[in-house]
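Peer 1: Here's a sequence, model it:
(one chain, ligands or ions: 1)
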Amino acid sequence: MLGLMQSQPLLISSLIEFADRHHGDAEIVSRRVEGDIHRYTYKDLAARARRLANALDGMGLQFSDRVATLAWNGYRHMEMYFGVSGSGRVLHTINPRLHPDQIAWIANHAEDQVLCFDLTFLPLVQAVHAKCPTVKKWVALCDADRLPADSGIPGLTSYEDWIGAHSPDYAWPEFDENSASSMCYTSGTTGNPKAALYSHRSTTLHAYAAALPDVMCLSARDSVLPVVPMFHVNAWGIPYSAALTGCKLVFPGPAMDGKSIYELIEAEKVSYAAGVPTVWQMMLGHMKPAGLKFSTLKRTVIGGSACPPAMIHAFKEDYGVEVLHAWGMTEMSPLGTLCTLKNKHLALPKEEQMKVLLKQGRAIYGVDMKIVGADGEELPWDGKTYGDLLVKGPWIVDSYFKGEGGHPLVKDAQGRGWFPTGDVATIDADGFMQITDRSKDVIKSGGEWISSIDIENIAMAHPAIAMAACVGMPHPKWDERPIVAVVRRPGAEVTREELLAFFEGKIAKWQIPDDVVFVEAIPLGATGKMLKTKLREQLKDYKLPGL
Ligand code: AMP
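Peer 2: So this is what the prediction gives:
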């Protein structure tokens, strides 16, 4: 017997329709590429997304055709999230920090038909447009009077002219909720990037889950600043969850430095912000010397790479801001786990609670996870045994766009497919997962594994250290030994010996790095994560002491 409830496909258009009807006057504030602050409401956004949908219909774009963006976080980008996907096309958010050749490669691979870009990226578009034959329309996300006269890009149109010529009346089409809605290429540290192709169903379910109290806990009372870029896994799904909850949204545009972010938080009474650790490092670096405090910020989600405990402490103790440590990946839309306490933890002393909060957290409903050994057998949840982390759920990839990378899923005894994350982790008896490493970054010393993340966290707790990256170096006896590359804070002094002494008592003696290398900067990838492959290249002539 089937249930007798209404059957309604889960479509992205329903999110913006909901925001339009029920939170029409909630504000969306954007710092623009033009430098000024722009304000409007969800009602305005919905009307302009419908204009965009009409514009896409008007140029004869077919269902599932790809529309790409090279854009910062801002209201026009948000309109594209809804106008493109809502009308049945696929939004392809391209990471502008990639190399131009990579950008051309992925635009061709995705067969993008339209590419809309912020003027910041004009030089980039000028460099790649001739290599992107599938793109039939180039659109600059600006007013007509800002359009460069002599761009060299054939038929370059201003977004405002383009959508302004179309009506805001549009009936969002109904179609299969499993239809593709958007796509995002993985950071791809090896080989060509592969694309996760999200669906309306996966995105909508993820939006519901992300808003839950033990996940991002978003509400109509929040003022939310996604610093995490909209070109990095859909800004962790915040644009969709925002429409679902009707929170005020604040977009930072291109100004991602510590000072600008801090000022925006204060000016727009931001209560909740989300971003990778490097962004917060810059902001705290700006605030501390000036003695600045937050007046409204209450919570911040930090993820994308391991959040150093020193940062969690600083937010909580110095600024009264709760840090929610999150873990996920492009292939997971991206949310997998988030760290919040359970009821049983509330009676624990603060230091014990902190030990829990440093982990990557508990699975969100919709995601199941397990750790397995080399034989594929599931390992115990004892908080000590580590293994390869596998996940499954309705917003996790089954396979990649165009079948690249074959069939990534690993089948269990019941024939269910699990996605191997490439992360190594422990899970404790309460279900809290802790990442020890990327499988390729784990350091294997004398048959034992050393977590590079543990070493980095300790180094970064030293007051003179701004950033640390630990890599394994070949060793004839131990196979590999860890060394730590560090960047000193401006004006701070610390010697190699002092830093090595700082590790004593914090980890086992044999896990302490063999050496410290002082560097000007740690190479960062396009999404702000440390690029250890590049660091290893830079250190290719390095020799461990005594060898
Ligand atoms: P991406 O698909 O570029 O978002 O990268 C996903 C990878 O980033 C994961 O597989 C992890 O290796 C890493 N990552 C994301 N969040 C965290 C976190 N909170 N702690 C440690 N590693 C993380």
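
Peer 1: Phi first, then psi, for residue 67.
Peer 2: phi -120, psi 120 (degrees, to the nearest 10).

Peer 1: ok, what's across the strand from it?
Peer 2: Beta-bridge pairing for residue 67 (DSSP bridges): residue 91, residue 114.

Peer 1: Quick check, it in contact with residue 88.
Peer 2: No: using Cβ atoms under 8 Å, residue 67 makes no contact with residue 88, being 10.8 Å away. For glycine as for every other residue, the C-beta is placed from the backbone atoms N, C-alpha and C.

Peer 1: Regarding residue 402, what is its secondary structure?
Peer 2: Using DSSP: H, G, I helix; E, B strand; the rest coil, the secondary structure recorded for residue 402 is helix.

Peer 1: Who are the contact partners of the closest residue in space to it that isn't next to it in sequence?
Peer 2: Once flanking residues are discounted, residue 402 sits nearest to residue 109: 7.2 Å by Cβ to Cβ, 6 or more residues apart in numbering. Residues near residue 109 by Cβ atoms under 8 Å, 6 or more residues apart in numbering: 192, 195, 401, 402.

Peer 1: Among the residues you listed, find the one with the greatest number of neighbours, please.
Peer 2: When neighbours are taken as other Cβ atoms under 10 Å, the top entry among the contacts of residue 109 is residue 195 (24 neighbours).

Peer 1: give me the subset of the contacts of residue 109 touching the ligand.
Peer 2: Among the contacts of residue 109, no residue is within reach of the ligand (Cβ under 6 Å from any ligand atom).

Peer 1: Residue 215: which of those residues is nearest?
Peer 2: Closest approach to residue 215 among the contacts of residue 109 (Cβ to Cβ): residue 195, at 25.0 Å.

Peer 1: from what I can see that closest one touches residue 404, true?
Peer 2: Yes: shown here, residue 195 and residue 404 form a contact pair, counting by Cβ under 8 Å, at 7.4 Å.

Peer 1: Which stretches in the stretch 201-350 of the chain count as strands?
Peer 2: Secondary structure of the stretch 201-350 of the chain by DSSP state E, counting those that start in this stretch: the strands cover 223-226, 248-251, 272-275, 299-302, 322-328, 335-338.

Peer 1: The third one: how far from the chain's middle?
Peer 2: Going back to what we said before, that points to strand 272-275. 11 Å (Cα atoms, centre = their mean, to the nearest Å).

Peer 1: same question, the longest one
Peer 2: The chain centroid and the centroid of strand 322-328 are separated by 11 Å under Cα atoms, centre = their mean.

Peer 1: for the record, mean pLDDT for that strand?
Peer 2: The average pLDDT within strand 322-328 is 96.

Peer 1: Against which helices or strands is that strand packed?
Peer 2: Helices and strands touching strand 322-328, by 3 or more Cβ pairs under 8 Å, 6 or more residues apart in numbering; DSSP states H and E, are helix 233-236, strand 299-302, helix 309-313, strand 335-338, strand 361-363.

Peer 1: Can you give me the buried ones in the lowest-mean-pLDDT helix or strand in the chain?
Peer 2: Of all the helices and strands that make up the chain, strand 448-450 has the lowest average by mean pLDDT, DSSP states H and E, namely a mean of 83. Neighbour counts using 16 or more other Cβ atoms under 10 Å place residue 450 of strand 448-450 among the buried residues.

Peer 1: That one pairs with which strands?
Peer 2: Strand 448-450 has these strand partners (DSSP bridges): strand 443-445 (antiparallel).

Peer 1: The strand it pairs with: which residues count as buried?
Peer 2: So, applying 16+ other Cβ under 10 Å, buried residues of strand 443-445: 443, 445.

Peer 1: ok, now stretch 497-510?
Peer 2: 499, 500, 502, 503, 507.

Peer 1: any low-confidence regions in the stretch 101-250 of the chain?
Peer 2: 187-191 (pLDDT under 70).

Peer 1: And the protein, what are its domain boundaries?
Peer 2: 12-323, 448-538 (automatic domain parsing).

Peer 1: would you turn these into CSV with distance to residue 429?
Peer 2: As requested, the domains of the chain are arranged in CSV below (distance: least, Cβ to Cβ, whole Å):
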stretch, distance to residue 429
domain 12-323, 18
domain 448-538, 20
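
Peer 1: between the strands of the stretch 201-350 of the chain, which one is nearest to the ligand?
Peer 2: strand 322-328 (4.0 Å; Cβ to the nearest ligand atom).

Peer 1: What strands flank the closest one, and is each parallel or antiparallel?
Peer 2: Counting by DSSP bridges, strand 322-328 is paired with strand 299-302 (parallel), strand 335-338 (antiparallel).
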